[in-house]
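K.L.:
coords please:
(2 chains)
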Amino acid sequence: MSAVEEVVTEAAAVEAVPKRAMTLGTGTSLLVLAALIIMPIFVKNFIIFQMTMLLIYGLAVLALNILTGGSGQFSLGQSAFYAVGAYTTAVLMEHFDVNYALTLPIAGVVCFGFGFLFGQPALRLSGVYLALATFALATAMPQLLKLNFLEHWTGGVQGLVVTKPDAPFGLKMSQDMWLYYFSLVVVIGIYILAVNLLRSRSGRAFMAIRDNEIAASAMGVDVALYKTLAFGVSAAITGIAGSLGAIAVQFVAPDSYTITLAVSLFLGMVVGGVGWLPGSIVGAAFIIFVPNIAEGISKGLSGAVFGVLLFLVIYLVPHGARQVAILGQQLAGKLRKN
Amino acid sequence: MTQAQLAQGTSPLLAVRDVSVVFGGIVALNGVSFDMHKGQILGLIGPNGAGKTTLFNCLSRLYQPSSGDILMEGASILTRPPHRIAEIGIGRTFQNVALFPNLSVMDNVRVGAHSKTSSDIISDSLRLAWVRRSETDVNKKVHEILAYLKLEDVAHTVVSGLPFGTQKRVELARALAADPKILLLDEPAGGLNHEEVYVLGDLIRRIRDDRHMTVLLVEHHMGLVMSIADHVVALNFGKKLAEGTPAQVQVDPDVIKAYLGSKDQ
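P.N.:
The predicted structure follows:
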């Protein structure tokens, strides 16, 4: 049996390479959570609003991360799911007087169905072709929302105004701050569920499909089912992000949900690190704040400056925030040893 | 050999009946039939292009035979989609190692148990009690298999960084995780050195004995097939040339001709 033993000792050296974890350690997670809870107390309402948007976009990037990082399917159509979620909430709140919190799960279910159905034809496509099909979905969505026969519900080109909810139970809190904490609870809840899902039997099936479809099928994984489920889950979470977005912005209109939004979310995923869930919030920060920074550097050429900044990030850390996190971990490990 | 002899006379575990596969105008398999009995190690041999891999892919439902049937415990497998082959007890490995490269050894083997377990995305997201119980059972099983194949040291290592020989064992572990009745091994000795091949032969025999499995071995390495197989089926140009014990097949004039060429060539 000497050959077997030899192989084992040889392989043990590989163990030193950091594992590709999907999440942060418990300590780091609690630290980030504490920062997110305390922060609003010290800043102005406008910043609180921006942080709410950060959480919302973070959630949408997380959804894309489950689809692409988890099951290996590309999507440039996330803006369509975001729009369906936003309109579901707006229509329910303004036409049917449904409580804003209740509209979230409804939007989630509607978008799950939408994503699951869209996943069926998308099954025949993969890679860049799937990206193109989802691109078509993103391009069509604003036009669909403007359709005449839907105008009574959607408000057509004008869109709908959404009422921002007050803090409940007589809490002395601004609307913005309440919505921030409300979003934080929703986002953390979904984050935990998403981590659970990716670590479970279903999550392993997603990743098996991403890595090798034929082998996954030979192990008994129903490739078609899990691919469409991944689309459904991703759409549901994106839809809930859209709902929160509609409440936060207090307005939905077809042209808020163009392909630009889908591309931004895709960008956020790449910058955050594909398949690394905590990176979603970093990616969201990039797509919200870096355009502002670029504008600060040059008003006339903000697009070009943004491009250069993006290029620098991709060039220096091609694996995004995940790579920075791994480097940080190694550095901390070294410091502890010394 | 004793187990195989005991099994003789009973109905076959797997029966290949007159299977033909035609691609366009090319006949890849032409009316091949043979039986596999419980506890057997059956070696499927033949020169390149003989149809070994085609037959193998029919068994794992990647190809649909143009005619004929394949029966597992008396029931046809040809109505099943590829992902429902694992659940009736047919496990396989791949010729050039088809692992999930970004997953750890442990997760690769856990995917192997997919067909033995059930779950849904809602219960999985909420980590309900029955999901946690099922995961504990799977983990126990996976650790047992990793220990059996001496893979515990690399359990949490991502497989893409492992040496080829180790990856082959991970693939074997993944196939074992579903407790298959039949293990289909597609050229398991490919890419291994001389010594590793003999260790592998030993391992395959041990798996058959310890875990009560039946093994179909598609292999180029004649030494390995002749030393561990109970029964050998030789193919050439999509047809069965000979069938019998290794000793019988080795001296079969047609087999010798197929491998070495006839005298007048």
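K.L.:
what's near enough to touch the most centrally placed residue in chain A?
P.N.:
For chain A, A:Val61 is the residue whose C-alpha lies nearest the centre (C-alpha atoms, centre = their mean; 1.9 Å). When contacts are counted by C-beta atoms under 8 Å, 6 or more residues apart in numbering or on different chains, A:Val61 is found next to A:Leu265, A:Gly268, A:Met269, A:Gly272, A:Ser280, A:Ile281, A:Gly283, A:Ala284, A:Ile287. Every residue, glycine included, has its C-beta placed from N, CA and C.
K.L.:
can you give me the helices in chain B?
P.N.:
B:2-7, B:52-59, B:105-112, B:121-126, B:129-148, B:164-176, B:194-211, B:222-228, B:246-250, B:253-260 (DSSP state H).
K.L.:
of those helices, flag the one that's most buried.
P.N.:
Among the helices of chain B, ranked by average contacts under mean count of other C-beta atoms under 10 Å in any protein chain shown, first place goes to helix B:105-112 (a mean of 26).
K.L.:
quick one, it and helix B:164-176 angle?
P.N.:
Per axes from the mean of the first three to the mean of the last three C-alpha atoms, to 10 degrees, the angle that helix B:105-112 makes with helix B:164-176 is 30 degrees.
K.L.:
farthest pair within the contacts of A:Val61?
P.N.:
Using C-beta to C-beta, those span at most 12.9 Å, a distance reached by A:Leu265 and A:Ile281.
K.L.:
who's more crowded, the two?
P.N.:
More crowded of A:Leu265 and A:Ile281, by other C-beta atoms under 10 Å in any protein chain shown: A:Leu265, with 29 against 23.
K.L.:
just to revisit the earlier point, how far away is the residue nearest to the centre of chain A from chain B?
P.N.:
Distance, A:Val61 to chain B, using C-beta to the nearest C-beta, to the nearest Å: 18 Å.
K.L.:
assumed that residue was part of a helix.
P.N.:
Yes: counting by DSSP: H, G, I helix; E, B strand; the rest coil, A:Val61 is part of a helix.
K.L.:
for the helices of chain B, which one sits closest to chain A?
P.N.:
Closest to chain A of the helices of chain B is helix B:121-126 (C-beta to the nearest C-beta; 3.6 Å).
K.L.:
could you check how many residues crowd around A:Lys172?
P.N.:
Neighbourhood size, A:Lys172 [other C-beta under 10 Å]: 6.
K.L.:
same deal with the one 4 residues further on?
P.N.:
A count of neighbours around A:Asp176, defined by other C-beta under 10 Å, yields 20.
K.L.:
same question, B:Asn30
P.N.:
Using other C-beta under 10 Å, B:Asn30 has 18 neighbouring residues.
K.L.:
how about the residues of the stretch 51-200 of chain A near chain B?
P.N.:
Taking C-beta under 8 Å from any C-beta of the partner chain, the part of the stretch 51-200 of chain A that reaches chain B is made up of A:Leu193, A:Ala194, A:Asn196, A:Leu197, A:Ser200.
K.L.:
go again with 6 Å.
P.N.:
Residues of the stretch 51-200 of chain A lying close to chain B by C-beta under 6 Å from any C-beta of the partner chain are A:Leu193, A:Asn196, A:Leu197, A:Ser200.
K.L.:
can you tell me which of those residues are in helices?
P.N.:
The helices, defined by DSSP H, take in A:Leu193, A:Asn196, A:Leu197 from these.
K.L.:
top of those by number of neighbours, please.
P.N.:
Among these, the one with the most neighbours (other C-beta under 10 Å) is A:Leu197, at 23 neighbours.
K.L.:
for B:Thr117, see how far away the nearest residue to B:Arg61 once chain neighbours are set aside is.
P.N.:
Of all residues not flanking B:Arg61 in the chain, B:Pro82 sits nearest, at 4.2 Å (C-beta to C-beta, 6 or more residues apart in numbering or on different chains). Separation of B:Pro82 from B:Thr117 (C-beta to C-beta, to the nearest Å): 19 Å.
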